[in-house]
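Asks: Got a predicted structure here, sequence first:
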Amino acid sequence: MDENKCRCCGKKTKERSPEEYQKLINRLNRIEGQVRGLKGMVERNAYCPDILIQSAAAAAALNAFGRELLNTHIRTCVADDIRKGNDEVIDELISTLQKMMK
């Protein structure tokens, strides 16, 4: 089986260094905290503009997470596949970018 495929379902996977993994998890934990904070603001009947500002901050953090992951994906997965002659990865990247820009 391909080393980048899950043994149980055959879907593509990505081995991440411990540093990359921890960096992504830390970002997601912060975003999760922001979303929990938003929920708490709604539960406490916070003023709408205050919630909206915090919502925008959470959205920006999630966008930053996506940009970081995309950057890493292009520098590793995409670049490695192109070096191996797998140009199909370009179509996959284009499709991914189109979905992200909706």
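Replies: Received, thanks.

Asks: Can you pull out the low-pLDDT segments for the chain?
Replies: 1-3, 6-8 (pLDDT under 70).

Asks: Next, give phi and psi for the residue nearest the centre of it.
Replies: Geometric centre of the chain, nearest residue: G66, 3.9 Å, by Cα atoms, centre = their mean. Dihedral angles of G66 (phi, psi; degrees, to the nearest 10) stand at phi -60, psi -40.

Asks: Could you pull up the residues touching N45?
Replies: With Cβ atoms under 8 Å, 6 or more residues apart in numbering as the criterion, no residue contacts N45. C-beta: built from backbone N, CA, C; applies to glycine.

Asks: ok, now how distant is it from A59?
Replies: N45 sits 22 Å away from A59, taking Cβ to Cβ, to the nearest Å as the criterion.

Asks: wait, the residue nearest to the centre of the chain sits on L97?
Replies: No - judged on Cβ atoms under 8 Å, G66 makes no contact with L97 at a distance of 10.9 Å.

Asks: Assign a three-state SS to the residue of the chain most remote from its centre, would you?
Replies: Relative to the centre of the chain, the most outlying C-alpha is that of N45, 30.6 Å out, by Cα atoms, centre = their mean. Three-state assignment for N45 (DSSP: H, G, I helix; E, B strand; the rest coil): coil.
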